[in-house]
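1. Structure for this input, please:
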Amino acid sequence: MPLWVRTVLVTGPEDEAVPARREHVEHLRRLAAQGRLRAAGEFAKGEGFLEIFEAEDLHAAEAIARASPLVEQGLGTWMLRRWEELVF
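-> Below you'll find the predicted structure:
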């Protein structure tokens, strides 16, 4: 299944972003429980997240990218790219 990289940058006010960050982590937990999440991490200072996940195609990947509470609540911007894993 294709891999995708999503970055979510927090753009909203800190008082609103704190609970949305927690909800975003729950969103990631659901992806992990579905076996879709390969890796995830948070940028220093709470500036946002980077994740690598599986999705069937661009349409499915965009649906996952838009499902972040940070995005849904207008508190973050996102970027999505297809990712090709290099194996050495």
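
2. need the longest helix for this structure.
-> Longest helix in the chain, counting residues (DSSP state H): helix 14-33.

3. quick one: buried residues of it?
-> Judged by neighbour count (16 or more other C-beta atoms under 10 Å), helix 14-33 contains these buried residues: 17, 20, 21, 24, 27, 28, 31. All C-beta atoms are positioned from the backbone trio N, CA, C, and that covers glycine.

4. What is that helix packed up against?
-> When contacts are defined as 3 or more C-beta pairs under 8 Å, 6 or more residues apart in numbering; DSSP states H and E, helix 14-33 packs onto strand 3-10, strand 37-42, strand 48-54, helix 69-72, strand 76-83.

5. Provide the contact partners of it at residue level.
-> 8, 10, 12, 37, 40, 42, 46, 49, 51, 53, 64, 67-70, 73, 75-76 (C-beta atoms under 8 Å, 6 or more residues apart in numbering).

6. what about burial for those, which qualify?
-> For the contacts of helix 14-33, buried by 16+ other C-beta under 10 Å: 8, 10, 37, 40, 42, 49, 51, 53, 64, 68-70, 75-76.

7. Now do the phi/psi pair for residue 87.
-> Main-chain dihedrals, residue 87, degrees, to the nearest 10: phi -110, psi 130.
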